[in-house]
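S.K.: have a look at this fold, sequence not included:
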């Protein structure tokens, strides 16, 4: 469905109070048109209707006239640069952004993420949240290893017990 037709349906949904349907349509549009700042703004406005300042800040993050409280709520929810980079759901280079402010914000987030990762990153290969800060992945890897070791030891104990019972 074309962008203009979907936006018209969003307007119709909002006019009759179907805010969740409008939000879902706009989320789909952001996925299909990640560099369209108008769609992002509309989604931010819908989240504002929901009373969710963090999500409103997320989708208004690339707008110069964004609300400072919403931006702070977004940055508090997505604390690390890799988390913010994933949350923004941008695709392609910053040069595709329609405004200079959006290009600057995107470049700043990408640079901050590159610093945090210790290597250059781009918008098409955003690091996963688990691997971005290393702390969660180290604990998860240790627990997974301990669980596998425990499973192998339990299997061996049952096997040895069966052998002993067989020859008794």
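M.R.: That came through, no problem. Everything quoted here is computed from the prediction, not taken from an experiment.
S.K.: every contact and neighbour count from this point should use C-alpha atoms.
M.R.: OK.
S.K.: domain ranges for this structure, per the record?
M.R.: Domain ranges of the chain: 3-117, 139-167, per the TED database.
S.K.: save those domains as a markdown table, and put in mean pLDDT and distance to residue 124 too.
M.R.: Below are the domains of the chain laid out as a markdown table (pLDDT from 0 to 100; distance: least, CA to CA, whole Å):
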| stretch | mean pLDDT | distance to residue 124 |
| --- | --- | --- |
| domain 3-117 | 93 | 6 |
| domain 139-167 | 86 | 26 |
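S.K.: nearest to residue 125, of those domains?
M.R.: domain 3-117 (9.1 Å; CA to CA).
S.K.: can you give me the end-to-end distance of stretch 84-101?
M.R.: In stretch 84-101, first residue to last residue: 17 Å (CA to CA, to the nearest Å).
S.K.: ok, residues contacting it?
M.R.: Around stretch 84-101, the neighbours that count as contacts under CA atoms under 8 Å, 6 or more residues apart in numbering are 31, 34-37, 58-59, 62-64, 75, 78, 102-104, 106-107, 109-110, 113, 122-124, 126-129.
S.K.: tell me the spatial nearest neighbour of residue 46, not counting adjacent residues.
M.R.: Nearest non-adjacent residue to residue 46, counting by CA to CA, 6 or more residues apart in numbering: residue 23, 6.3 Å away.
S.K.: which other helices and strands contact the longest helix seen in the chain?
M.R.: The longest helix of the chain (DSSP state H) is helix 135-167. Counting contacts by 3 or more CA pairs under 8 Å, 6 or more residues apart in numbering; DSSP states H and E, helix 135-167 packs against helix 129-133.
S.K.: now the helices: where do they sit in this protein?
M.R.: Under the criterion DSSP H, the chain contains helices at 3-15, 19-32, 37-50, 53-60, 68-77, 81-88, 100-117, 129-133, 135-167.
S.K.: make CSV out of these and add distance to residue 94.
M.R.: Shown next, in CSV, are the helices of the chain (distance: least, CA to CA, whole Å):
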stretch, distance to residue 94
helix 3-15, 21
helix 19-32, 16
helix 37-50, 12
helix 53-60, 16
helix 68-77, 20
helix 81-88, 12
helix 100-117, 5
helix 129-133, 21
helix 135-167, 29
